[in-house]
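Q: sequence plus the predicted model coming up.
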Amino acid sequence: MTLFKEIVKQEKQNSYVQRDRELFSFYTLTLIAQEQASQKLKRKLWACLILLTVCLGLFFAPINQLVGALITYLNTIDMMGILKMALISYGVAGLCLVLIKRGKIILR
């Protein structure tokens, strides 16, 4: 803001005709509006940062419990469980491919 004050001080020292005064006042008002918009944007960004931090803090506790439960479940899986999951996932993938190909034939 000191640069802004220096500019205003320098411009006030100069003498202008009426047309130049209007131009100067427009320029000054534009600078003031830009400064206010910049400060407003900074306040909004700080508010968003604080809100994001609070939201992440609130959501990390349940996510942490969910990850713990998932790790516990994965520790109990044996070789048969892995084979069952692979068989089911390949079956679902194959079913999706068949349905997609049938959909293309029906749409023709």
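A: That came through fine.
Q: what helix or strand does residue 82 sit in?
A: According to DSSP states H and E, residue 82 maps onto helix 79-107.
Q: mind giving me the domain split of this structure?
A: 2-76, 77-108 (automatic domain parsing).
Q: including mean pLDDT and mean neighbour count, could these go into JSON lines?
A: All C-beta spots, glycine's among them, are computed from the backbone N, C-alpha and C. Shown next, in JSON lines, are the domains of the chain (pLDDT from 0 to 100; neighbours: other CB atoms under 10 Å):
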{"stretch": "domain 2-76", "mean pLDDT": "83", "mean neighbour count": "10"}
{"stretch": "domain 77-108", "mean pLDDT": "83", "mean neighbour count": "9"}
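Q: need the longest helix for the chain.
A: Counting by DSSP state H, the longest helix found in the chain is helix 18-76.
Q: so that helix versus helix 79-107, what angle?
A: Angle of helix 18-76 versus helix 79-107, following axes from the mean of the first three to the mean of the last three CA atoms, to 10 degrees, is 130 degrees.
Q: what's helix 18-76 packed up against?
A: Here helix 18-76 touches helix 2-13, going by 3 or more CB pairs under 8 Å, 6 or more residues apart in numbering; DSSP states H and E.
Q: output the helix it packs on as PDB, nothing but the C-alphas.
A: Provided in PDB are the C-alpha atoms of helix 2-13 (Å, rounded to 0.1, in the frame of the first residue of the first chain):
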ATOM      1  CA  THR A   2       3.000   2.400   0.400                       C
ATOM      2  CA  LEU A   3       3.600   2.300  -3.300                       C
ATOM      3  CA  PHE A   4       0.000   3.200  -3.900                       C
ATOM      4  CA  LYS A   5       0.300   6.200  -1.400                       C
ATOM      5  CA  GLU A   6       3.500   7.300  -3.100                       C
ATOM      6  CA  ILE A   7       1.800   7.300  -6.500                       C
ATOM      7  CA  VAL A   8      -1.100   9.300  -5.200                       C
ATOM      8  CA  LYS A   9       1.300  11.800  -3.500                       C
ATOM      9  CA  GLN A  10       3.200  12.300  -6.800                       C
ATOM     10  CA  GLU A  11       0.100  12.700  -8.800                       C
ATOM     11  CA  LYS A  12      -1.300  15.300  -6.400                       C
ATOM     12  CA  GLN A  13       1.800  17.400  -6.700                       C
END
